[in-house]
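Chemist: test case, fold it:
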Amino acid sequence: MCSVISRVKPVQRALALSLRLTANTEGLSYAAAESRRFCPGVSSGVEPLRATSRSYCSRMALTDGLLFRQLFESESSTYTYLLADTETKEAVLIDPVLETIDRDLMLIHELGLNLKVAVNTHCHADHITSTGLMKKRLVGLKSAISKFSGASADILLSEGDKIPFGKHYLTVRDTPGHTDGCMALVSADQSMAFTGDALLIRGCGRTDFQQGSAKKLYDSVHQKIFTLPDQCLIYPAHDYLGQTVSTVGEERKFNPRLTKSLEEFVSIMNNLNLPKPKKINISVPANLVCGVHGV
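Modeler: Take a look at the predicted model:
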């Protein structure tokens, strides 16, 4: 298997976890649900849930010898994921955010890790990545993103590529639909999948800008994510309701959109009528150049 690297204010968690989207979204229109997901508090009549002091939480990895941390950035409700080989200390960082660069680097230093790759699951529209600035502060760090994203990075990834760290690796699965350059990153034993914005917990990424296509997204999720084992843990790029993890089996059964037919799904996605992300005009240009534009 060819290696890609070779070529180049507290909030109670109990409250957060109780506010889950139900499978039928009874009493809440899809547009209102999306307003809460992508613009909390806008046109929804609901006070946004903000875990303002949640800096990071950890999850037990199922894979022997794998260190795993799930981190949270409150402004954009973005999850950043840190994975490392416990023996070699080589590490990978997924979807880092500019505002939390100091936190992430401090954790990496505390754990004695050697961060090899910082990878973005797609060209984000709601926040600026920290990969470009992080490269300036960590010697030898490489940035990575899908080759279909249109963004610059040291490593341009595509279907089947592998990102190794120690004895572990992540495999790329192209999942276009939210954007052309979306990808899911799957652990070697298929126990974990980092799905970016393609598949969220009881939801999915919007498809109304940045080359969005509801049909492509539906096909991507069903062909590239729902084909993973039922017990595979789903770790999305965002969650706006305090949820931290799901499984392929859960989403295949309970996701209120992706359990619908293709025609129903396309109709839902084409009628969300959502406002654009607040930071889209600065985030996308910056993320196209590894997040260093204007920094």
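
Chemist: residue 144 bridge partners, please.
Modeler: Beta-bridge pairing for residue 144 (DSSP bridges): residue 119, residue 155.

Chemist: my guess is it contacts residue 151. True?
Modeler: No: judged on C-beta atoms under 8 Å, residue 144 makes no contact with residue 151 at a distance of 10.1 Å. C-beta: built from backbone N, CA, C; applies to glycine.

Chemist: which one of the two is surrounded by more residues?
Modeler: It is residue 144, of residue 144 and residue 151, that has more neighbours when counted by other C-beta atoms under 10 Å, with 27 against 24.

Chemist: what residues do residue 144 and residue 151 have in common as contacts?
Modeler: Counting by C-beta atoms under 8 Å, 6 or more residues apart in numbering, the shared contacts of residue 144 and residue 151 are residue 120.

Chemist: need the nearest residue in space to the residue positioned nearest the centre of the chain, chain neighbours excluded.
Modeler: Residue closest to the average C-alpha location in the chain (C-alpha atoms, centre = their mean): residue 237, at 2.1 Å. Nearest non-adjacent residue to residue 237, counting by C-beta to C-beta, 6 or more residues apart in numbering: residue 196, 4.6 Å away.

Chemist: that neighbour bridge partners, please.
Modeler: Counting by DSSP bridges, residue 196 is bridged to residue 236.

Chemist: spit out the contact partners of residue 176.
Modeler: Residue 176 neighbours (C-beta under 8 Å, 6+ apart): 148, 182, 211, 213, 216, 217, 220.

Chemist: run the last query once more with 10 Å
Modeler: When contacts are counted by C-beta atoms under 10 Å, 6 or more residues apart in numbering, residue 176 is found next to 122, 146, 148, 182-183, 198, 211-213, 216-217, 219-220, 224.

Chemist: so how far is residue 92 from the residue nearest to the centre of the chain?
Modeler: 15 Å (C-beta to C-beta, to the nearest Å).

Chemist: ok, the residue nearest to the centre of the chain touching residue 200?
Modeler: Yes: between residue 237 and residue 200 a contact is recorded at 7.9 Å, counting by C-beta atoms under 10 Å.

Chemist: and for those two, which residues touch both?
Modeler: Counting by C-beta under 10 Å, 6+ apart, the contacts common to residue 237 and residue 200 are residue 178.

Chemist: pass me the low-pLDDT residue ranges in the protein, would you?
Modeler: 1-62, 293-295 (pLDDT under 70).

Chemist: apply 50 and report the result again.
Modeler: By pLDDT under 50, the low-scoring segments of the chain are 1-2, 4-59, 294-295.

Chemist: show me where it has its helices.
Modeler: 13-18, 30-38, 101-110, 131-137, 214-220, 248-254, 262-269, 280-287 (DSSP state H).

Chemist: right, I'll leave it there.
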